[in-house]
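sequence and predicted structure, then a few things I'm wondering about:
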Amino acid sequence: NAGVTQTPKFRVLKTGQSMTLLCAQDMNHEYMYWYRQDPGMGLRLIHYSVGEGTTAKGEVPDGYNVSRLKKQNFLLGLESAAPSQTSVYFCAIRRTSGATDTQYFGPGTRLTVL
Amino acid sequence: AQSVAQPEDQVNVAEGNPLTVKCTYSVSGNPYLFWYVQYPNRGLQFLLKYITGDNLVKGSYGFEAEFNKSQTSFHLKKPSALVSDSALYFCAVRDPSNDYKLSFGAGTTVTVRA
């Protein structure tokens, strides 16, 4: 998983509960991304960061917040979970090295909101 | 805005036969195109990418993809499919002028029967 870890791997929430998903990288990559994967819809970008202290909205940001206080960590927060947020969440980093410029993904977090 | 279409939800082939997974794209400017594979309960793994140069790109696990600018396509191919190639395949396009965000297709499930 290209040095990208996600915590937790699985979580079940009740509607209205809050939680934070952690993405951690063991390298020094500037760009980090949060996606959600839903059947038949591919991956959709929630939020992303182009460096420490920066965040930006993606395609489906509503109901989520993010923070990048440390370069190695990108946090995704759900303040008040809704059943529509039941999904698999993937974090990715953008690796640039010479001719390489590719996104690599973590193992995912499966979230169920009841 | 950039977008990707994968016209087939499922592709079924017999082991040993050629495998093709179709992808068409829409992007302003020069496209950066990617293929990823997802095995059950796993994250996305990078297969190959096209940025510039030769229209036939070779990637991991014996896969290759052909970039066709006139048809705006980037089909994934493998000359002889294996049962272990059964997985979910995603095509993605990146807009280098837009913070390197990826837009994914909905995915194609490939089943290779023995």
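Cool, the structure landed. All figures in this text were calculated on a predicted structure; none of them were measured in a lab.

contacts and neighbour counts: CA atoms only from here.
OK.

and residue 97, how many neighbours?
This is for chain A. By the criterion of other C-alpha atoms under 10 Å in any protein chain shown, residue A:97 has 8 neighbours.

switch to chain B, please.
9.

how close does it get to chain A?
Applying C-alpha to the nearest C-alpha, to the nearest Å, the value for residue B:97 to chain A is 13 Å.

next: residue B:46.
In this view, residue B:46 and chain A are 7 Å apart by C-alpha to the nearest C-alpha.

residue B:18 versus residue A:58, what's the distance?
Residue A:58 sits 37 Å away from residue B:18, going by C-alpha to C-alpha, to the nearest Å.

ok, these two, which is more surrounded?
It is residue A:58, of residue A:58 and residue B:18, that has more neighbours when counted by other C-alpha under 10 Å, with 17 against 13.

the more buried one against residue A:36, yeah?
No. Using C-alpha atoms under 8 Å, residue A:58 is not in contact with residue A:36; the gap is 11.0 Å.

spit out the residues that contact the two alike.
Both residue A:58 and residue A:36 are in contact with A:45, A:46, where contact means C-alpha atoms under 8 Å, 6 or more residues apart in numbering or on different chains.

sec struct for the residue in chain B positioned nearest to chain A, please.
Nearest residue of chain B to chain A, counting by C-alpha to the nearest C-alpha: residue B:106, 3.9 Å away. Here residue B:106 is recorded as coil under DSSP: H, G, I helix; E, B strand; the rest coil.

what's the neighbour count on it?
Residue B:106: 25 surrounding residues under other C-alpha under 10 Å.

and the nearest residue to residue A:12 once chain neighbours are set aside, how close does it get to residue A:89?
In this structure, residue A:12 finds its nearest non-sequential neighbour in residue A:112, 4.7 Å apart by C-alpha to C-alpha, 6 or more residues apart in numbering or on different chains. Distance of residue A:112 to residue A:89, computed by C-alpha to C-alpha: 11 Å.

those two - which one has more neighbours?
Higher neighbour count among residue A:112 and residue A:89: residue A:89, with 26 against 19, using other C-alpha under 10 Å.

enumerate the residues of chain A near chain B.
Listed as neighbours of chain B in chain A under the rule C-alpha under 8 Å from any C-alpha of the partner chain: A:1, A:39-45, A:50, A:90, A:103-108.

what is the nearest of these to residue A:77?
residue A:90 (13.4 Å; C-alpha to C-alpha).

grab the longest strand from chain A for me.
Identified as the longest strand of chain A according to DSSP state E is strand A:87-97.

whichever helix or strand comes after that one to strand A:87-97, inter-axis angle?
Going down the chain from strand A:87-97, the next helix or strand is strand A:100-105, by DSSP states H and E. Per axes from the mean of the first three to the mean of the last three C-alpha atoms, to 10 degrees, the angle that strand A:100-105 makes with strand A:87-97 is 160 degrees.

can you show me the strands along the chain?
I went with chain A, as the question did not name one. Under the criterion DSSP E, strands of chain A are mapped to A:4-7, A:10-13, A:19-25, A:32-37, A:43-49, A:56-57, A:65-67, A:73-78, A:87-97, A:100-105, A:109-113.

can you look at chain B instead?
Here chain B has its strands, by DSSP E, at B:3-5, B:10-14, B:19-21, B:24-26, B:32-38, B:44-50, B:56-58, B:64-68, B:73-78, B:87-94, B:102-104, B:108-113.
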